[in-house]
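Visitor: Sequence first, then the predicted structure, then my questions.
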Amino acid sequence: MNELHDHIVRSIDDEQRRLVGELLRMGDMAAAQLEAALDVVERRDDKAAERIVGNDEAIDALEHETSHDVMRLALRGPMARDLRELLAALRIASDIERIGDYAANVAKRSMALNLAPPLPQVRGLTALGAVAGRQLRDVLVAYRDNDADAAERIRARDAELDLQYTSLFRELLTYMMEDARSITACTHLLFMAKNIERIGDHVTNIAENVWFRAHGEDALPRRERRDGTTQLS
């Protein structure tokens, strides 16, 4: 009987490791999507942008696969800690899928942006995206290592992204008021910046689920928020 129990435990552990691997692969794909989207914005490359939009289906497929694996593991009667692992995995998979969607949206918008002359604010957009990309890469490492303390630090860093987003938002509004001919292109950039800011929010969600995976419902400290654009609308 003990041998059977040990076999079941080993089997569940193996499947959980596979689940972690799937999520890390999915996260790496989403991070690569974001990095590629930022690259095509700078290079004004419509064909590469179309490929990025098409690649989003691969992330969607991995999310479905992850959800299926979670359900299969849940039906095997896991203990409380295992349930936290599975619930965190479902949430993280959903956040990564949304990150992939936002990265694809940035690439899609870049094709419309390319119809207008280049704007200097593109540099601010790519800098904002680089911050979001680093935070995504870092939170995937925290998930891999089950490092709740690192996840908490990454969560706190969202304030940095909010500040950069607010600064770019103000700069674009000022530019539009000064030159009405730039309104269409700047509007595309505003939407792209908002997509990147939302990526940061999903990174924060992942960080919170890394914490939940390790500590359960223990409360995290209140998070500082510095998105000042709501006061401008």
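Guide: Everything's here; your move. The model shown is predicted, which means the values in this text are computed figures rather than measured ones.

Visitor: At the geometric centre of this protein, which residue do we find?
Guide: Centroid-nearest residue in the chain: residue 99, 3.8 Å away (criterion: C-alpha atoms, centre = their mean).

Visitor: now the helices for the chain?
Guide: Assigned by DSSP state H, the helices in the chain fall at 2-43, 46-74, 80-113, 122-145, 148-156, 158-178, 183-215.

Visitor: and the angle from the first one to helix 46-74?
Guide: On the basis of axes from the mean of the first three to the mean of the last three C-alpha atoms, to 10 degrees, helix 2-43 is oriented at 160 degrees to helix 46-74.

Visitor: Then the shortest one?
Guide: Computed with the same axes, to 10 degrees, the direction of helix 148-156 lies at 140 degrees from that of helix 46-74.

Visitor: in helix 148-156, what counts as buried?
Guide: Within helix 148-156, the residues that count as buried by 16 or more other C-beta atoms under 10 Å are 148, 150, 151, 152, 154, 155. Glycine gets a C-beta too; all of them are placed from N, C-alpha and C.

Visitor: repeat for stretch 46-55
Guide: 49, 52, 53, 55.

Visitor: Closest to residue 88 out of those?
Guide: When these are compared for distance to residue 88 (C-beta to C-beta), residue 55 wins out at 25.6 Å.

Visitor: what separates the closest residue to that closest one other than its chain neighbours from residue 184, distance-wise?
Guide: Distance criterion C-beta to C-beta, 6 or more residues apart in numbering; nearest residue to residue 55, sequence neighbours excluded, is residue 33 at 6.3 Å. Using C-beta to C-beta, to the nearest Å, residue 33 is found at 25 Å from residue 184.

Visitor: So for those two, which residue has more residues nearby?
Guide: In this view residue 33 and residue 184 are compared by other C-beta atoms under 10 Å, and residue 33 has more residues nearby, 25 against 13.

Visitor: dump the residue contacts of that one.
Guide: 52, 55, 56, 59, 99, 100, 103, 104, 107 (C-beta atoms under 8 Å, 6 or more residues apart in numbering).

Visitor: how does it look with 7 Å?
Guide: 52, 55, 56, 100, 103, 104 (C-beta atoms under 7 Å, 6 or more residues apart in numbering).

Visitor: and those as a markdown table, adding pLDDT?
Guide: Below are those laid out as a markdown table (pLDDT from 0 to 100):
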| residue | pLDDT |
| --- | --- |
| 52 | 93 |
| 55 | 88 |
| 56 | 89 |
| 100 | 96 |
| 103 | 97 |
| 104 | 96 |
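
Visitor: Now those in a markdown table, please, with extra columns for distance to residue 38.
Guide: Below are those laid out as a markdown table (distance: C-beta to C-beta, whole Å):
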| residue | distance to residue 38 |
| --- | --- |
| 52 | 10 |
| 55 | 14 |
| 56 | 15 |
| 100 | 14 |
| 103 | 9 |
| 104 | 13 |
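
Visitor: what's the angle from the helix or strand of the chain with the lowest mean pLDDT to helix 122-145?
Guide: The helix or strand of the chain with the poorest confidence is helix 2-43; it has a mean of 81 (mean pLDDT, DSSP states H and E). Put simply, helix 2-43 runs at 170 degrees to helix 122-145, going by the same axes, to 10 degrees.
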